[in-house]
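K.L.:
Sequence unavailable; structure follows:
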């Protein structure tokens, strides 16, 4: 009886450990410097900002496309059909980028990188930020 209980506990602990070791794959990071070199090359990755449209408009990494993490699953077609194309993902601090990376991975995208430091790190490094300026209404 004791051996059966011990074996059950070992199996349960082993199963839980395997579950946690295989879920939540970590996306490789790319440094700001490596990313800038890559963007200067002919073989540029897709740069995906997964913050809200409002956050994106206030300031984003030059060359980024914006698809909010909570809309991404329904807009995957906007990224094209080449699942091996390189995609660099970022958000403000990392949480939403991680969610987006899981969505992309589940959809079959295989060449993902996470921008080290996300938008906060980019800004803290004093790197260039683009903004979307709304046109000023003119009176007729």
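P.N.:
Perfect, I can see it now. Since the structure is predicted, the reported quantities are computational estimates derived from the model, not experimental observations.

K.L.:
how many other residues sit next to residue 87?
P.N.:
Using other CB atoms under 10 Å, residue 87 has 23 neighbouring residues. Every C-beta, even on glycine, is put in place using the N, C-alpha and C of the backbone.

K.L.:
what is it paired to in the beta sheet?
P.N.:
residue 46, residue 112 (DSSP bridges).

K.L.:
where along this structure do the helices fall?
P.N.:
Shown for the chain, the helices assigned by DSSP state H span residues 2-22, 32-39, 53-58, 95-106, 118-124.

K.L.:
Name all residues that make contact with the residue nearest to residue 113 when sequence neighbours are not counted.
P.N.:
Leaving aside its sequence neighbours, residue 113 sits nearest to residue 30 (CB to CB, 6 or more residues apart in numbering; 4.2 Å). By CB atoms under 8 Å, 6 or more residues apart in numbering, the contact list for residue 30 reads 38, 88, 113, 114, 115, 116.

K.L.:
With that, I have no additional questions.
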